[in-house]
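Participant: Sequence plus predicted model, see below.
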2 protein chains.
Amino acid sequence: MRDETAIISYVNKFVKLSPPEAEALLSAFQKVVVKKRQSIIQPDFPAPYRYYVLEGAMRAYVAAENGQEHTISFAIEDWWITDYNSYLYQQPATMFVTALEDTIALRLSHVKEQELKAQNPKFETFFRIIAERGLAYQQRRIIINLTKTAEARYGDFLDKYPLLAQRVPQYTLASFLGMTTEYLSKLRKRMGSKKT
Amino acid sequence: MRDETAIISYVNKFVKLSPPEAEALLSAFQKVVVKKRQSIIQPDFPAPYRYYVLEGAMRAYVAAENGQEHTISFAIEDWWITDYNSYLYQQPATMFVTALEDTIALRLSHVKEQELKAQNPKFETFFRIIAERGLAYQQRRIIINLTKTAEARYGDFLDKYPLLAQRVPQYTLASFLGMTTEYLSKLRKRMGSKKT
DNA sequence: CGTCTATTTGAATGTACTCAAAAGCGGTGG
DNA sequence: CCACCGCTTTTGAGTACATTCAAATAGACG
């Protein structure tokens, strides 16, 4: 059972907060409980919040015309999730953000975030750091998507996120890795001989 | 002929700088001239700089074992470019950054960047904003790569960056869009009838 | 012009997708 | 506690989008 102070330790990894600063940070967030399969962000509606996951797991995905879903990101404990194009630019969302398990998250509104940054440069620094880390992470993902085959992308994911790979439904993983669920199933069968 | 004050106007779009602040910013940069085909970042070497392009065009790419190149990003006037995983984490690069044309750029070292941010929260804000914009942009790119066919990705690029599409070699564009140069050539032939 | 680089073309191939259906798994209510 | 229901994963056959390899053509630059 992690409580909301988890975010204090998390932020402290990047900028050192005094007790009053920690208090100011905490008071900007609201705890939300999201049941499995429930959406907190939907296309055409604004996404006024970003979410920090305390417990559980969520994913962000876009739905194509033909009913296909494409997973853009996952989030488990200590990860952030939102539709960044909607949140940052305050425009209607194009993605769903939905709970894969019963989830407890802390949400931060766009307005509160601006207040935090205006009130204390440490928060500005914090958000700069997580944006940069997100940027670097996404650049790695783009490289993988451009350079590796479906099988290599799957192997790569297993290496880097073995726990997550077991935790999320296989079809969401397939759609994250850019392949169909049927094909991932066949890959697993093929690879089964070599690896666990 | 754009001179280095272009970066002042650029930064001013995001945070308002007083004349002394503009001066402090400028003094952190160094002007560099890069000839066509010359690399400013190479794999296995650290990338201690990020570059702001004043004139010309560059691209960042990774080279695969089989000799294939995969373009990660382009940069023309007012765009930034570097190997972010190398620059941000101060680790050896995995990418090349190379001039597509004779280019004039302003480079900012990682050390100077830290000084700027420490010295004035406005610079912290500025780097936060461009990181967030980069994040949102890359998220859009990931969505396109996951959801669209090669033909649609090309059409999309033509719509959004018609000038850039004419300016860069076709094989770099193909490698940016995640297809072979031969296939892009065939696509263009096929699409030729409908458009332009 | 001649050379080097970039683009086009064609034929054969392969990786990954579509569609349809069966099997597996988990939860939930009777 | 078993039976059923919905959701997820697996399997198979046929197909398509995109690649590979090789060679010809077109452009750019000195």
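Facilitator: Thanks, I have the structure now. All values derive from a computational prediction rather than experimental measurement. Numbers count the residues shown, from 1 in each chain, chains lettered A, B, ... in the order given.

Participant: Any residues of chain A in contact with chain B? List them.
Facilitator: Contact residues (C-beta under 8 Å from any C-beta of the partner chain) of chain A with chain B: A:62, A:64, A:68, A:70, A:72, A:84-85, A:88-89, A:94, A:117, A:121, A:124-125, A:127-128, A:131-136, A:138-143, A:145-147, A:175, A:178. In this view, the C-beta of every residue, glycine as well, is placed from N, C-alpha and C.

Participant: Any of these buried? List them.
Facilitator: A:62, A:70, A:72, A:84-85, A:88, A:94, A:117, A:121, A:124-125, A:127-128, A:131-136, A:138-139, A:141-143, A:145-147, A:175, A:178 (16 or more other C-beta atoms under 10 Å in any protein chain shown).

Participant: what helix or strand is the residue lying closest to A:Phe123 once chain neighbours are set aside on?
Facilitator: Spatial nearest neighbour of A:Phe123, excluding adjacent residues (C-beta to C-beta, 6 or more residues apart in numbering or on different chains): A:Leu116 at 4.2 Å. Element membership for A:Leu116, per DSSP states H and E: helix A:110-119.

Participant: Quick one: name whatever helix or strand follows that helix.
Facilitator: With secondary structure assigned by DSSP H and E, helix A:110-119 is succeeded by helix A:121-147.

Participant: Report the angle between that next one and helix A:110-119.
Facilitator: 120 degrees (axes from the mean of the first three to the mean of the last three C-alpha atoms, to 10 degrees).

Participant: what separates helix A:121-147 from the chain centre, distance-wise?
Facilitator: The chain centre lies 12 Å from the centre of helix A:121-147; the measure is C-alpha atoms, centre = their mean, to the nearest Å.

Participant: repeat for stretch A:57-76
Facilitator: For stretch A:57-76, the distance to the chain centre is 11 Å (C-alpha atoms, centre = their mean).

Participant: In CSV, list the C-alpha atoms belonging to it.
Facilitator: Listed next in CSV are the C-alpha coordinates belonging to stretch A:57-76 (Å, rounded to 0.1, in the frame of the first residue of the first chain):
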residue,chain,number,x,y,z
ALA,A,57,-1.4,0.1,-14.3
MET,A,58,-2.8,2.2,-17.2
ARG,A,59,-2.2,2.6,-20.9
ALA,A,60,-2.7,5.4,-23.4
TYR,A,61,-3.9,4.3,-26.9
VAL,A,62,-5.4,5.6,-30.1
ALA,A,63,-8.3,3.9,-31.8
ALA,A,64,-8.1,3.5,-35.5
GLU,A,65,-11.2,3.6,-37.8
ASN,A,66,-11.2,-0.1,-38.3
GLY,A,67,-11.4,-0.8,-34.6
GLN,A,68,-7.7,-1.4,-34.1
GLU,A,69,-6.0,0.0,-31.0
HIS,A,70,-2.5,1.3,-30.9
THR,A,71,-0.9,1.6,-27.5
ILE,A,72,1.2,4.8,-27.1
SER,A,73,2.4,4.3,-23.6
PHE,A,74,2.0,2.3,-20.4
ALA,A,75,2.2,3.5,-16.9
ILE,A,76,2.8,1.6,-13.7
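
Participant: Could you verify my assumption that A:Lys148 touches A:Asp156?
Facilitator: Yes. Assessed by C-beta atoms under 8 Å, A:Lys148 is found in contact with A:Asp156 at 6.6 Å.
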